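**Q** got a structure for you, letters missing:
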């Protein structure tokens, strides 16, 4: 536990004792931060403390719940160590109560009880300016310099009002400026505020009156007063007079200085003096502040606008009299900058006024210039400047709009995103614009409904027509063709105002529906669109929430505190009563079970015939159950914004998907049972892999909450209905499910494509090389050629081969479409880290990075090395598009090599750490390098001069590539974001964050106009600028067959170990399979002799508590094979050591686990699998205290469900627990 946690816990304990002594309250502080004081006796209404939300200089801010009014408030009280500062809390309450301004948080209730005084105020939800400033600098979340200046102007307006009332804040800083969820700006924490004696207040405004101010004016020596010389405020934002302790000099201009420091932070990205005093020691900061002004803005960022620099310098003048006279004047200058008017702090005079007038009134200025007969040369120069300024302004607007659109799309506000994109100037549009535009509406088509609200949707049996239910139009139920939009039938039940839910009977296509009548009552009715027959089945004096029909034809519907069941056309109506209002219902496929959910989160499964209770599950937060669906032996339940996956047999919760931002109103299971579609009031449809619980895709396009969702009978498409009155068609995601089946646990670390872009090749850490059809995204071939990790690969068109460089020190070439072995060209002294293929000649280049590093040039025809270029710590290499030069990146420098003359054109120390990736622009004029730091630079190929810098990632940049014509640059980082930049100006355009794992590499494919991202979870992600299509979708029957074959192939490999053994078992009939044998053989060929399968199978065995000795023997065989294949792979050592430990071979286990732990610390420290290796390493060494701490750390780490780490953690924690509990020694 940290010291902060210790002090916080001690404070809560002390507060608990004081409350018990003074008020006799029931109060339990035994749980540290979870303690909940009760303010019932002192408060005018009951207040319940929820959590601590902040701390000021002397007080603590708590979130409290007002039970009587049902609202959340903020409560401020003093910390025990500041009990003597009661007067400050009292004065703060008095000041807040008398400052009536939108920028001051209003106070609600005040209780004065000495050190236990407190007051309550409005609970502000948002972020402080300190958190916003980095976003402004990076241009993220819709924040820009203009928007940031708007916040500072709002602070000026608030403080101008406070100054008019005679109040000085004295602790203005970014952390004390709150920006609410809707852009409102508040100045908070007035605990150090001072009420002036009246000279500083506006004579026309009433002065704030407080007890401390009265005592000060009377000359009292009360301990309520602050003594001269005290330091008040936060040092970096203090004025010089504050730092000197001259309290008599503190006034409105002290606050003006503080606002100047905020502007300084906005322009430089840091507080004053932070860059100069690295230790941030209090005394060092004070000494530096007293010594002189901070480092100038212009020196830190020469690109900062000169007008804003002038405003900042004037506000932060050392002498108070040289600063702005008032906050209003400071705000006026900021507004003048935004309006394009003269900034008084910058330039004044007639010429400045004329220039600013011209910039605001360009047309009038041009007319005036003609009338005045300006000289031709002068007018032409003016026109050029004016045109350039106009282009710059338009480009700034484009950048701001596209960034804001990206943030809006990320928040699922697609209507706002579309509006912003529509205002973007066409001349600046690039990949990011096309991608965002398509992402704003990923639907395949929109079906007209002529309804104000489309509440539910379902497919008829023909798979071509959809049934739409809702209200607000000429009819409540419509049958529409999904392609032509032609209506074939419609129905408006008499007395019905809206239809909430529909279900189609599988036998005759009768539509059952839940409706609301004009009197607000609920009804269950049915209508056959073919015959026109209509029947009212039941009515209740309350809303009917749900209706569902199973594949067997059993109908179930909620009806208040009961559900009704109809087993067949001649069967009597059955009733099942519930204790609370039933809100969701579902029938299993065979019609034998019915699931019921209620408004308090209780989910029951009963036998349809006997009503016997089969399962019960209580949702922990007692959330409203919106929808239920069976998926074989699982039950899927949506509760508020989450989706729970339950095992029906045991009632256990398998997994929770934190699925949406708002209530999940609809669920649908694909016909083959592998996919789940969900829809929500957050306006999105989301597609999930039901087996893994992973998100496959998010579909956006609706402008209103999405109420209903359904799969087509063949599973290739999804249809959804929305309260915006539209019905939309989407891709079904069957291609993504098949891709999921082929994802392995190892990271994808290299991607390339052939010249046509139709074929994509990838390499991963396990040594696999895959070839994928770029358009269908189907796996064509998968092979393993090296004995270890493949670090890079390139496609040589002239040679018709793939070139690979690997950790085994070798460079290889091979035909990816042949079954023949790879041809090894030669070796480097150490691992080959990068390769590149010449665009026109059968040549390849490779790099090996040591202090004696080198670049090798290879002739692919003769398979010989033709040249060696010494280059210390070489890390990456790339041929130029014309093949004339070679760009090389290393640990100390970047360089360009002229191939035909065999000489170095330039060599520059980049000053940004090692250069791991390199990318030429398509025209070959610029080259981009990314390094260990968070920086990417582009250089001029001819001179090596730096052209632009791209900085904004939080941690190391791992991938870089040029997009389209090279006007855009895409970068990927360990911070799990992909960023798109204007490559010429270095401006950030878009941030993409929707990755389940980390990023390893980035590649742009010209043919498909998409960015391909390789992840550390083994997945490929595709960001396409092309509209969506259904080309890759697979019918459910075919998908079911392929997925089953893949799983059978995986099972057989786990049982037999090698493809040869599996094929022998199949040929002899010893292997029983539940799939098409030919499909199984095809999958086995694609999987290859894959070590990762053996690794995964071994962990699956170790994670199984019922594993037999035969299973452990097979896991041991897998471990031995893996270590023999790659002795330096710590993951292989780890699994073999775990097998040894499970089998009681402690000495052998210690050898493997020590090697695994030591290598993991050097390469992958911090990842969950590495922590698991450390855990068993400590266990086998007998370091049980350290092992216990490591186990706690391990289970706290978030683990991606599809990363392959789940069985590893399950197995290691179970084994560690047996040692820690003394069951093993």
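**A** Yes, it's here. In this text, all values refer to a predicted model and were calculated from it rather than measured experimentally. Residues are numbered from 1 along each chain as shown.

**Q** drop to CA atoms for contacts and neighbour counts, all remaining ones
**A** Noted.

**Q** Who are the packing partners of the top helix by length along the chain?
**A** Longest helix of the chain, by residue count under DSSP state H: helix 376-410. When contacts are defined as 3 or more Cα pairs under 8 Å, 6 or more residues apart in numbering; DSSP states H and E, helix 376-410 sits against helix 414-422, helix 431-440, strand 987-992.

**Q** which residue sits closest to the spatially most central residue of the chain, ignoring its sequence neighbours?
**A** In the chain, the centroid-proximal residue (Cα atoms, centre = their mean) is residue 993; its distance is 4.5 Å. Leaving aside its sequence neighbours, residue 993 sits nearest to residue 977 (Cα to Cα, 6 or more residues apart in numbering; 4.7 Å).

**Q** How many residues are close by the closest residue to residue 181 other than its chain neighbours?
**A** Distance criterion Cα to Cα, 6+ apart; nearest residue to residue 181, sequence neighbours excluded, is residue 126 at 5.1 Å. Number of residues near residue 126 (other Cα atoms under 10 Å) recorded here: 14.

**Q** what about residue 126, distance to residue 1144?
**A** Going from residue 126 to residue 1144 by Cα to Cα, to the nearest Å gives 55 Å.

**Q** Residue 310 and residue 345 touch, don't they?
**A** Yes - with contact defined as Cα atoms under 8 Å, residue 310 counts as touching residue 345 (5.7 Å).

**Q** Now do the shared contacts for the two.
**A** Residues touching both residue 310 and residue 345 (Cα atoms under 8 Å, 6 or more residues apart in numbering): none.

**Q** which sections of the stretch 601-750 of the chain are below the confidence cut-off?
**A** Scanning the stretch 601-750 of the chain for pLDDT under 70 picks out 738, 740-746.

**Q** ugh, typo on my part, it should be the stretch 401-550 of the chain
**A** Flagging of the stretch 401-550 of the chain using pLDDT under 70 yields the residue ranges 473-475.

**Q** on that earlier part again, mean neighbour count and distance to residue 752 added to the helices and strands packed on helix 376-410, as CSV?
**A** CSV is the format used below for the helices and strands packed on helix 376-410 (neighbours: other Cα atoms under 10 Å; distance: least, Cα to Cα, whole Å):
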stretch, mean neighbour count, distance to residue 752
helix 414-422, 20, 32
helix 431-440, 22, 19
strand 987-992, 22, 21
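
**Q** hang on, the earlier thing: which residues touch the residue nearest to residue 181?
**A** Neighbour list for residue 126: 178-181 [criterion: Cα under 8 Å, 6+ apart].

**Q** do that again at 6 Å, thanks
**A** Residues near residue 126 by Cα atoms under 6 Å, 6 or more residues apart in numbering: 179-181.

**Q** Repeat that for residue 564.
**A** Residues near residue 564 by Cα under 6 Å, 6+ apart: 556-557, 574-575.

**Q** Look up which helix or strand it falls in, please.
**A** Of the helices and strands defined by DSSP states H and E, residue 564 is found in strand 562-566.

**Q** What mean pLDDT does that strand get?
**A** What strand 562-566 shows for mean pLDDT is 93.

**Q** now do stretch 1100-1112
**A** Stretch 1100-1112 carries an average pLDDT of 83.

**Q** Across the sheet, point out what pairs with the residue nearest to residue 181.
**A** residue 180 (DSSP bridges).

**Q** how far away is it from residue 178?
**A** Separation of residue 126 from residue 178 (Cα to Cα): 7 Å.

**Q** returning to that earlier point: pick out the most distant pair among the contacts of residue 564.
**A** 557 and 574 (10.7 Å; Cα to Cα).

**Q** more neighbours, those two?
**A** Applying other Cα under 10 Å to residue 557 and residue 574 shows that residue 557 carries more neighbours, namely 31 against 14.

**Q** Report the contact partners of the more buried one.
**A** By Cα under 6 Å, 6+ apart, the contact list for residue 557 reads 546-547, 563-564.

**Q** mind putting those residues in JSON lines, distance to residue 122 included?
**A** Shown next, in JSON lines, are those (distance: Cα to Cα, whole Å):
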{"residue": "546", "distance to residue 122": "39"}
{"residue": "547", "distance to residue 122": "43"}
{"residue": "563", "distance to residue 122": "44"}
{"residue": "564", "distance to residue 122": "47"}
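
**Q** how deep is residue 1037 tucked in, by neighbour count?
**A** Residue 1037, neighbours per other Cα under 10 Å, totals 12.

**Q** Make 40 the first number, not 1, from now on.
**A** Right, with 40 as the first residue, what we last looked at is residue 1076.

**Q** Let me know the pLDDT of it.
**A** pLDDT, residue 1076: 79.

**Q** where do the strands sit along the stretch 190-339 of the chain?
**A** Residue ranges of the strands in the stretch 190-339 of the chain, as given by DSSP state E, counting those that start in this stretch, are 206-207, 216-219, 224-226, 233-234.

**Q** All the strands of the stretch 640-789 of the chain, in order from the start?
**A** 641-646, 652-657, 664-670, 673-678, 681-686, 692-696, 703-708, 714-719, 723-728, 733-739, 745-750, 756-761, 766-770, 787-792.

**Q** Dump those into CSV; add mean neighbour count as well.
**A** Formatted as CSV, the strands of the stretch 640-789 of the chain follow (neighbours: other Cα atoms under 10 Å):
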stretch, mean neighbour count
strand 641-646, 20
strand 652-657, 16
strand 664-670, 26
strand 673-678, 25
strand 681-686, 20
strand 692-696, 14
strand 703-708, 25
strand 714-719, 27
strand 723-728, 24
strand 733-739, 19
strand 745-750, 28
strand 756-761, 28
strand 766-770, 24
strand 787-792, 26
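
**Q** For PyMOL, write the selection for the buried entries among the contacts of residue 165.
**A** Buried residues among the contacts of residue 165 (16 or more other Cα atoms under 10 Å), as a PyMOL selection:
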select buried, resi 218
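
**Q** In CSV, list the contacts of residue 165 along with distance to residue 361 and pLDDT.
**A** Converted to CSV, these look like this (distance: Cα to Cα, whole Å; pLDDT from 0 to 100):
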residue, distance to residue 361, pLDDT
218, 30, 94
219, 34, 89
220, 37, 83
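
**Q** now, which of the contacts of residue 165 sits nearest residue 575?
**A** residue 220 (47.1 Å).

**Q** Quick check: the gap between the closest one and residue 162.
**A** Distance of residue 220 to residue 162, computed by Cα to Cα: 12 Å.

**Q** Residue 819: neighbouring residues, count only.
**A** Counted with other Cα under 10 Å, the neighbours of residue 819 add up to 15.

**Q** again but with residue 929, I slipped
**A** 28.

**Q** repeat for residue 435
**A** Using other Cα under 10 Å, residue 435 has 12 neighbouring residues.

**Q** pLDDT score for it?
**A** Per-residue confidence at residue 435 stands at 85 (pLDDT).

**Q** From residue 378, how far out is it?
**A** Note on residue 435: its distance to residue 378, by Cα to Cα, is 15 Å.

**Q** And for residue 315?
**A** For residue 315 relative to residue 378 (Cα to Cα), the value is 34 Å.

**Q** again, but for residue 934
**A** Going from residue 934 to residue 378 by Cα to Cα gives 46 Å.

**Q** Among the two, which residue is more densely surrounded?
**A** Neighbour count, other Cα under 10 Å: between residue 934 and residue 378, residue 934 has more, with 20 against 13.

**Q** what bridges to that one?
**A** The partner residues for residue 934, given DSSP bridges, come to residue 927, residue 946.

**Q** I'd assumed residue 917 was in contact with it.
**A** No - Residue 934 is beyond contact range of residue 917, at 11.0 Å (criterion: Cα atoms under 6 Å).
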